[in-house]
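*Asks:* Let me see the structure of the following:
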Amino acid sequence: MKEKVSSKFRELYGEGAILFASPGRINLIGEHTDYNGGFVFPGAVDKGIVAAIRLNGTDKVRAYALDLGEEAEFGLNEEDKPAQSWACYIFGVCREVQKRGGVIGGFDTVFSGDVPLGAGMSSSAALESTFAFALNDLYHCGIDRFELAKIGQSTEHNYCGVNCGIMDQFASVFGKKGHLMRLDCRSMEFAYFPFDPQGYKLVLVNSRVKHELVGSPYNDRRASCERVAKVLGQEFLRGATMEQLDAVKDKISEEDYKRARYVIGEERRVLDVCEALEKGDYETVGKRMYETHWGMSKDYEVSCEELDFLAEVAEECGVTGSRIMGGGFGGCTINLVKDELYDGFISTAKAKFAAKYGHEPEVYDVVISDGSRRL
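*Replies:* You can find the predicted model right below:
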């Protein structure tokens, strides 16, 4: 990917580019908890975005999306927002850097990615993190890593129409090889947990059902949680108990009750998994993953038939843990699989899924890797 991006840059803009990269992410557990002020448990992966960037001395950005074969040119003022949705991510990052006092100018860039699109691995966060990190580095803006993650999040909110939490950008910026991170989305405190499950593989099975989170039920779920938190007299659902929820059951809709029940259970599951990992207890980790899947399917209702089918196949094959990963409405399951069951699980999942849905799912082994960096 580095060579591909570099050679296209030379062809379009000449010599002198510097390469930057940021990863996509997985989230072992803790889904839809970030915007509820809860805990998440992500890790950066060995797939992401690579960008070749060179300052051009003008007030214009010239960008080329290699995977799409599309070019965009735009200025750095609010009214210069480009038409192409992919270019809005880069434009948004520029604007958010400026809002934080970063003095930046124009640049030329070519970028490419190998994060599978629509797989819930946050290709958009990888894109935002790459450019936030690069602009901070090249223009010596002095912005810390937490603020770089927030720049990506604000880009989604203000320029791309997705009211996302902070997890994806945080994982992309802070990733550390061989470690998962537990992030408290309320206090922003985080800790690294070594993740090297001997005798197990972490594998994503991509249903290849595309999800589009803009204008989707994602924002509806968030609104549900905010309504319940308000009835409970809290800013977030974080810290609420099932007893408190049951006490206000008659004051909220059945749908909002189910959404909140999932989130309250998920907060507990994240802490259980942290405890289990410290003991090397991967069986408990797996159980909690299945509980999360069915909570997301039945209570939060962000699964789909194909993902439920993949989770069922995993269970039948003796896979330790399996669940939807990402916002839902398509994408991947993340699976914790014993080495000796791996081949059988993959071949069974592919065959059964193809027989039912007419195409095989894609399979990606996950390697936990480093975050945003200059190459």
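*Asks:* ok, residues contacting stretch 333-350?
*Replies:* Contacts to stretch 333-350, defined as Cβ atoms under 8 Å, 6 or more residues apart in numbering, come from residues 26-28, 197, 199-205, 207, 282, 285-286, 289, 293, 307, 310-311, 313-314, 316-325, 360-361, 363, 366. Quick note: C-beta positions are derived from backbone N, CA and C, even for glycine.
*Asks:* And stretch 100-112, how far out from the chain middle?
*Replies:* Its chain's C-alpha centre and that of stretch 100-112 lie 23 Å apart, by Cα atoms, centre = their mean, to the nearest Å.
*Asks:* Distance check, Lys279 against Phe9.
*Replies:* Using Cβ to Cβ, to the nearest Å, Lys279 is found at 48 Å from Phe9.
*Asks:* These two: which has the busier surroundings?
*Replies:* The neighbour comparison of Lys279 against Phe9 (other Cβ atoms under 10 Å) goes to Phe9, with 24 against 8.
*Asks:* In the helix ranked longest in the chain, which residues are buried?
*Replies:* Using DSSP state H to define each element, the chain has its longest helix at helix 254-278. Buried residues in helix 254-278, counted by 16 or more other Cβ atoms under 10 Å: 256-264, 266-267, 269-274, 276-277.
*Asks:* With stretch 132-149 instead?
*Replies:* 132-139, 141, 143, 145, 147-149.
*Asks:* same check, this time on stretch 55-67
*Replies:* Across stretch 55-67, burial judged by 16+ other Cβ under 10 Å covers Leu55, Asn56, Val61, Arg62, Ala63, Tyr64, Ala65, Leu66.
*Asks:* Look at the last one and report its pLDDT.
*Replies:* Going back to what we said before, that points to Leu66. Each residue has a pLDDT score; the one for Leu66 is 96.
*Asks:* roughly how far apart are the residue in the chain sticking out farthest from the centre and Asp256?
*Replies:* Within the chain, the residue lying farthest from the chain centre (Cα atoms, centre = their mean) is Asp250, at 34.7 Å. Applying Cβ to Cβ, the value for Asp250 to Asp256 is 12 Å.
*Asks:* hmm, back to that, in contact with the residue farthest from the centre of the chain: list those residues for me.
*Replies:* For Asp250, no residue meets the contact criterion (Cβ under 8 Å, 6+ apart).
*Asks:* Can you verify it is assigned to a helix?
*Replies:* Yes. Under DSSP: H, G, I helix; E, B strand; the rest coil, Asp250 falls within a helix.
*Asks:* Distance check, it against Val209.
*Replies:* 37 Å.
*Asks:* cool, Cys164 as well?
*Replies:* 20 Å.
*Asks:* Check Val367 too.
*Replies:* Using Cβ to Cβ, Val367 is found at 25 Å from Val209.
*Asks:* which element follows whatever helix or strand Val50 lives in toward the C-terminus?
*Replies:* Using DSSP states H and E, Val50 falls within strand 42-55. Using DSSP H and E, the helix or strand that directly follows strand 42-55 along the chain is strand 60-65.
*Asks:* Off-centre distance for that following strand?
*Replies:* Mean-position distance between strand 60-65 and its chain equals 24 Å (Cα atoms, centre = their mean).
*Asks:* That one - which strands sit beside it in the sheet, and in what orientation?
*Replies:* strand 70-75 (antiparallel), strand 107-113 (parallel) (DSSP bridges).
*Asks:* Now do the end-to-end distance for stretch 68-82.
*Replies:* 16 Å (Cα to Cα, to the nearest Å).
*Asks:* which other residues reach it?
*Replies:* With Cβ under 8 Å, 6+ apart as the criterion, stretch 68-82 contacts 59-65, 83-84, 86-88, 90-91, 94-95, 98, 104-106, 159.
*Asks:* Tell me where the stretch 101-250 of the chain has helices.
*Replies:* Assigned by DSSP state H, counting those that start in this stretch, the stretch 101-250 of the chain shows helices spanning 123-138, 145-155, 167-174, 217-231, 242-247.
*Asks:* can you put these in CSV and add distance to Ile49?
*Replies:* Output for those, formatted as CSV (distance: least, Cβ to Cβ, whole Å):
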stretch, distance to Ile49
helix 123-138, 4
helix 145-155, 12
helix 167-174, 9
helix 217-231, 22
helix 242-247, 40
